[in-house]
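Participant: what's the 3D shape of this:
(one chain, ligands or ions: 1)
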Amino acid sequence: MQPAGVAPLKVDIVKKTFRSAEGVTIDVLRGLSFEVRQGEFACLLGPSGCGKTTTLRILLGLDREFSGSYQLPEGSPKRIAAVFQEPVLLPWRTVEQNVRIALPPRFKGKDLDSLFEILGLTPVRSLYPSELSLGLARRAALARAFATEPSVLFLDEPFASLDERTAGRLRRLLMTVWAARPTTVLMVTHNLREALLLADRIIVLTPRPARVLGTFDLRLSREFRDTRTLDDLALEFHKRFPDTE
Ligand SMILES: Nc1ncnc2c1ncn2[C@@H]1O[C@H](COP(=O)(O)OP(=O)(O)OP(=O)(O)O)[C@@H](O)[C@H]1O
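Facilitator: Below you'll find the model as predicted:
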């Protein structure tokens, strides 16, 4: 038995199907099983359309039509946070209000200065979402997620459709804020280099119906993951998973 407070995220989805508009059954997940240890940063990497977002939706409780089970880490489901590709911010609230509105009652009045500072949001605390660039809006969504001190954080391609420079900056900010407030993270991506840069472990999925093809452990400290090292890691990864893009 796991000691209290160190339960992993456990996923055991036996089957998930969708029915298309024409009535055809689409097998999306089949025998998808994996664990993410407490405090671990794991990436779910798989080809487009293999079922990554579907998996996150199930874990978030947004889709209950599947067979199988999952177990959230200790403290969830109340302390669960998610950041999606589209930063869902309330347009009539300021950045600060958008973050505060997500806080549980016991965090009311919480000091958010250092979180805003780390994420470079201090100058835009009182701006409205329509006044933000996409990069800033994504940072506000990250601030909102971390402010709740989640026991598990789900990220669904949070840096997609950003220019590479902005995405790179946000990845570094994510690492800084996660290092200051470590939590169990499951991040969906189809960007191998992003996964190699950020993850402790990459969970590689097959094409649809998705199951785990294998896992790739990254034991090297993130500070040493420079461009050259990432090239070497990508080579090593492709040797192990030759059919992965
Ligand atoms: N509500 C739905 N009804 C029918 N089919 C769906 C539904 N949602 C997803 N699908 C199908 O399920 C499959 C998996 O979709 P999902 O969005 O989970 O993939 P993904 O791995 O996240 O893809 P991407 O990397 O492109 O975002 C796709 O073929 C998709 O078309």
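
Participant: from here on, contacts and neighbour counts on C-alpha atoms
Facilitator: Will do.

Participant: Contact residues of the protein facing the ligand?
Facilitator: F18, R19, S20, V28, S48, G49, C50, G51, K52, T53, T54 (CA under 6 Å from any ligand atom).

Participant: pretty sure the third one contacts V28?
Facilitator: No. Taking CA atoms under 8 Å as the contact criterion, S20 and V28 are not neighbours in contact, 11.7 Å apart.

Participant: Looking at those two, which is more packed in?
Facilitator: V28 (20 against 9; other CA atoms under 10 Å).

Participant: Mind checking which of the residues of the chain next to the ligand are buried?
Facilitator: Among these, those scoring as buried are V28, C50, G51, K52, T53, T54 (criterion: 16 or more other CA atoms under 10 Å).

Participant: quick one: low-confidence ranges for the chain?
Facilitator: 1-6, 75-78, 245 (pLDDT under 70).

Participant: Check whether the residue most central in space within it sits in a helix, strand or coil.
Facilitator: Nearest to the geometric centre of the chain sits L155, at 2.0 Å (CA atoms, centre = their mean). Put simply, L155 is strand when judged by DSSP: H, G, I helix; E, B strand; the rest coil.

Participant: Which residues are in contact with it?
Facilitator: Contact partners of L155, counting by CA atoms under 8 Å, 6 or more residues apart in numbering, are A82, V83, F84, V185, L186, M187, V188.

Participant: taking these one by one, which sit in strands?
Facilitator: A82, V83, V185, L186, M187, V188 (DSSP state E).

Participant: Filter those down to just the buried residues.
Facilitator: Here, 16+ other CA under 10 Å leaves A82, V83, V185, L186, M187, V188 buried among these.

Participant: ok so, going back, check the buried ones among the residues of the chain next to the ligand and tell me the two furthest apart.
Facilitator: V28 and T53 (10.6 Å; CA to CA).

Participant: What are the contacting residues of the top helix by length along the chain?
Facilitator: Using DSSP state H, we find that the single longest helix of the chain is helix 164-180. With CA under 8 Å, 6+ apart as the test, helix 164-180 has contacts from L115, I118, L119, G135, R139, L142, F146, F159, A160, L198.

Participant: So R138, which state does it fall into?
Facilitator: Applying three-state DSSP: R138 is helix.

Participant: what's around the residue nearest to it when sequence neighbours are not counted, how many residues?
Facilitator: With CA to CA, 6 or more residues apart in numbering as the criterion, R138 has its nearest non-adjacent residue at 5.5 Å, and that residue is P87. The local packing of P87 (other CA under 10 Å) involves 18 other residues.

Participant: What of R138?
Facilitator: By other CA under 10 Å, neighbour count at R138 equals 24.

Participant: ok, now which ones touch it?
Facilitator: E86, P87, P158, F159.

Participant: all helices of this structure, in order?
Facilitator: Under DSSP H, the chain gives helices at 52-59, 95-100, 113-118, 134-147, 164-180, 192-198, 227-240.

Participant: Please enumerate residues in contact with the first one?
Facilitator: So that's helix 52-59. Identification of contacts with helix 52-59 by CA under 8 Å, 6+ apart yields L44, L45, G46, D63, R64, Y70, L72, F154, D156, V188.

Participant: Got a quick PyMOL command for the buried subset of the residues you listed?
Facilitator: Buried residues among these (16+ other CA under 10 Å), as a PyMOL selection:
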select buried, resi 44+45+46+72+154+156+188
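
Participant: which one of the contacts of helix 52-59 sits closest to the ligand?
Facilitator: G46 (6.4 Å; CA to the nearest ligand atom).
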